[in-house]
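**Student:** Sequence and predicted model, in that order:
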Amino acid sequence: MLHQVQTNDNGLEGLMTALGTQARTASRPLAIASTDQKNRALGAMADALIADMDEILAANTADLAKARDNDLSHSFIDRLELDADRVHAMAEGIRAIAALDDPVGAVIAAWERPNGLEIERVRTPLGVVGVIYESRPNVTADAGALCLKAGNAVILRGGSDSLNSSRAIHACLVRGLKAAGLPEHAIQLVPTADRAAVGSMLAGLAGAIDVIIPRGGKSLVARVQNEARVPVFAHLEGLCHLYVDASADIEMAKTIAVNAKMRRTGICGAAETLLVDGAAAATHLMPILTALTEAGCEIRASAAVLKVFPGFKPASDEDWSTEYLDAVISVALVDGVAGALAHIQRYSSHHTEAVIAEDPAVVERFFNEVDSAILLHNASTQFADGGEFGMGAEIGIATGKMHARGPIGVEQLTSFKYRVRGTGQTRP
């Protein structure tokens with residue numbers, strides 16, 4: 001059942017305008033809701049997800065059947081598929097969000113001026129957030145819960161391929177809102193697969209939407225960035241690099257490389273390019289490639305790699321800028337950390353990069369010179385996730401530099417205002 005405005009005589013335009021109006025109205029009481037009230041809603045949402053698991057999985061089964069009938073890719077289906085563990089993970093993610101400190105009203109900084117004015121910078125909700133995402137139905141729960149904790153109303157527009165799943169999850173979120181006495185329109189799901197709904201959201205719904213967050217493939221993000229008339233938290237493709245230095249522990253490098261690529265190939269934090277220090281070609285390269293191959297990964301190798309170990313598929317120029325989201329990785333030999341930095345600077349989407357090294361000078365240079373949202377040392381790129389950062393969940397990984405960068409959690413879903421207290425001061 002959709003807890004939404006219904007289509008009216010004005011068709012899609014009227015529907016979307018009503019969604020925006022309802023979200024703006026709901027945002028006002030939500031902005032001043034108590035921490036306890038928000039947390040009670042989140043707890044009820046998590047309970048509803050578990051209680052309605054059979055309905056959620058049945059809806060997901062229908063979505064999966066349609067996806068397979070349409071011959072969608074394995075990586076797409078992996079992102080779309082839900083099972084009991086993933087539903088439990090959604091519920092636990094919501095409970096983790098409830099356990100976080102409430103960002104609204106938190107004092108970021110405070111100081112006193114020589115004239116006695118006391119100034120505070122305080123976190124405030126953004127207002128109304130529009131989230132546009134593709135195949136992942138779990139984003140419905142993550143985005144709804146995060147926006148609620150940050151005091152924002154949210155309009156969710158999931159992909160048409162996951163609409164049944166998203167509807168079932170959204171129904172649980174609405175039950176949680178009602179249980180805590182919060183406006184049911186605080187979390188709304190666009191109830192149509194009509195792609196024109198995205199255009200309406202990008203236009204801002206007559207000023208109702210304060211910010212847009214896209215989560216999906218390169219074409220979706222490009223459309224949002226090109227057409228949006230409201231601010232956008234950019235989430236570009238995850239063209240993530242893993243650099244293995246000559247100082248790396250070989251067993252650690254093998255384990256991390258396999259995990260970074262193969263744990264889940266369809267997520268944005270999966271490694272897509274492996275860079276190996278040329279000085280370690282004889283000791284590190286083949287053991288890592290063997291481990292990847294045994295794990296079922298296809299290797300696309302540079303000319304330098306093929307010269308040392310022929311037999312792999314040659315990498316094309318396009319491979320270095322491809323987010324495979326599949327069991328495929330491009331591999332190159334580079335001239336130490338300087339060569340890795342040059343390659344990353346040329347091809348990176350500024351999402352996540354990792355260095356495997358024991359030489360602290362190499363790590364320091366990598367951390368100082370790579371300009372990406374997330375950098376890791378001796379750890380898998382698959383840790384590029386708000387839940388793994390202790391944020392409970394995330395809406396996405398922002399790769400831009402304005403306002404939010406990296407995992408978008410509750411703090412990133414707030415702005416701030418200044419509170420100035422005086423004792424009768426006037427300005428001369």
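**Tutor:** That came through fine. Residues are numbered from 1 along each chain as shown.
**Student:** What are the contacting residues of the helix or strand harbouring residue 368?
**Tutor:** Per DSSP states H and E, residue 368 falls inside helix 360-369. With CB atoms under 8 Å, 6 or more residues apart in numbering as the test, helix 360-369 has contacts from 243, 245, 247, 336, 337, 340, 341, 353, 355, 357, 375, 377. (Each C-beta comes from the backbone N, C-alpha and C, glycine too.)
**Student:** do the same with stretch 170-180
**Tutor:** 1-3, 37-38, 40-49, 51-52, 56, 140-141, 144-145, 148, 156, 183-184, 186-187, 189.
**Student:** what's the answer for stretch 289-305, then?
**Tutor:** Contacts for stretch 289-305 (CB under 8 Å, 6+ apart): 254-255, 257-258, 261-262, 274, 276, 278, 285, 309, 312-316, 319, 327-333.
**Student:** Tell me the secondary structure of the closest residue in space to residue 351 that isn't next to it in sequence, please.
**Tutor:** Once flanking residues are discounted, residue 351 sits nearest to residue 238: 4.4 Å by CB to CB, 6 or more residues apart in numbering. Three-state call for residue 238 (DSSP: H, G, I helix; E, B strand; the rest coil): coil.
**Student:** Tally up the residues packed near residue 238, please.
**Tutor:** For residue 238, the neighbour count with other CB atoms under 10 Å is 22.
**Student:** repeat for the one 5 residues further on
**Tutor:** Close neighbours of residue 243, defined as other CB under 10 Å, add up to 26.
**Student:** that older thread, average pLDDT for the helix holding residue 368?
**Tutor:** Here helix 360-369 scores 98 as its mean pLDDT.
**Student:** how far out from the middle of the chain is that helix?
**Tutor:** Put simply, helix 360-369 sits 26 Å off its chain's centre (CA atoms, centre = their mean, to the nearest Å).
**Student:** Residues contacting the very next helix or strand once past it, please?
**Tutor:** Per DSSP H and E, the first helix or strand lying C-terminal to helix 360-369 is strand 374-377. Contact partners of strand 374-377, identified using CB under 8 Å, 6+ apart, comprise 351-357, 363, 366-367, 383-384, 397, 406-407.
**Student:** Go through those and say which is closest to residue 114.
**Tutor:** Relative to residue 114, the closest of the contacts of strand 374-377 is residue 406; by CB to CB it sits at 37.1 Å.
**Student:** Tell me what the closest one is bridged to.
**Tutor:** Beta bridges link residue 406 to residue 398 when assigned by DSSP bridges.
**Student:** Residue 240 now?
**Tutor:** Beta-bridge partners of residue 240, as defined by DSSP bridges: residue 271.
**Student:** What's the local residue count around it?
**Tutor:** 28.
**Student:** Would you confirm that it contacts residue 272?
**Tutor:** Yes. With contact defined as CB atoms under 8 Å, residue 240 counts as touching residue 272 (5.7 Å).
**Student:** sorry, back to before: which ones are touching the residue nearest to residue 351?
**Tutor:** Applying CB under 8 Å, 6+ apart, we find residue 238 in contact with 267, 268, 269, 270, 272, 323, 349, 351, 352, 384, 397.
**Student:** wait, the last one sits on residue 234?
**Tutor:** No. Applying CB under 8 Å as the test, residue 397 and residue 234 come out as separate, 9.8 Å apart.
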